[in-house]
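K.L.:
kindly generate the corresponding structure for this input.
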Amino acid sequence: MSRSLQTALILIVALLAGVGGYFANRASQPEPVTPRRDISAETVNALLAMSLPDTHGQAQAIEQWRGKVIVANFWATWCPPCRKEIPDFAAASQALADQPVQFVGISIDSLEKVQAFNDEFKVPYPLLIAGPEALALAAGFGNDARALPFTVIIDREGKARHVKLGTLNRDELEGKIRALLAH
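P.N.:
Predicted coordinates for the structure are as follows:
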């Protein structure tokens, strides 16, 4: 076999392996969840009606932030994509601290694990402790898989405007929030 034919075959195999790897990686990525047109006020109100303990054991009613843009992020300490996105959420919450925006982390975890996580990462917004049953609420927002991380952004009028299964980066998150603040 000539050297140029051998080189061409190696390049073809490498190209096919790269294309196969690309599509295999894409298949493992969660599809974004788009807001259902039928997200009911009842579903949003069920989220707002939640009262969950924070990392100090004090009950926090999500209702207290009605009238602000609420960024509710469902997450867990054992979830690698959750851990990856929280620094971006923390930075966005600090960048928007002077705006009518409230970030809240709803953890599907134990109080002790969330406290340890918060001690390590110093999250600047409330981290609330919920059990796995909180994921049942996420299904009402379109997260039928009940997977993590999952984020719901509610506008100042109390309507779910953005939902996303999977990670959000800071630019994407701030863009969605700033668009809601402009209205």
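K.L.:
quick one: contacts for Gly131?
P.N.:
Gly131 is in contact with Ile108, counting by C-beta atoms under 8 Å, 6 or more residues apart in numbering. All C-beta spots, glycine's among them, are computed from the backbone N, C-alpha and C.
K.L.:
nope, Gln64 is what I meant
P.N.:
Listed by C-beta under 8 Å, 6+ apart, Gln64 has no contact partners.
K.L.:
quick thing: my sequence starts at 51, can you match it?
P.N.:
Taking 51 as the first residue, the last one we looked at is Gln114.
K.L.:
okay, it and Gln165: tell me how far apart.
P.N.:
21 Å (C-beta to C-beta, to the nearest Å).
K.L.:
which stretches of the chain form strands?
P.N.:
Here the chain has its strands, by DSSP state E, at 101-103, 109-111, 119-125, 151-158, 177-180, 200-204, 210-215.
K.L.:
report pLDDT for Ala197.
P.N.:
On pLDDT, Ala197 comes in at 94.
K.L.:
sketch out the low-pLDDT regions of the chain for me.
P.N.:
Low-confidence segments of the chain (pLDDT under 70): 51-88.
K.L.:
the helices in it, which residues?
P.N.:
Secondary structure of the chain (DSSP state H): helices at 53-78, 91-98, 130-145, 161-171, 184-190, 220-231.
K.L.:
what's the second one in contact with?
P.N.:
So the one you mean is helix 91-98. Contacts of helix 91-98 (C-beta under 8 Å, 6+ apart): 112-113, 116, 120, 122, 187, 190-191, 202, 204, 208-210.
K.L.:
buried among those residues? Make that a ChimeraX selection.
P.N.:
Provided next is the ChimeraX selection string for whichever of those are buried by 16 or more other C-beta atoms under 10 Å:
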select :112,116,120,122,187,190,191,202,204,210
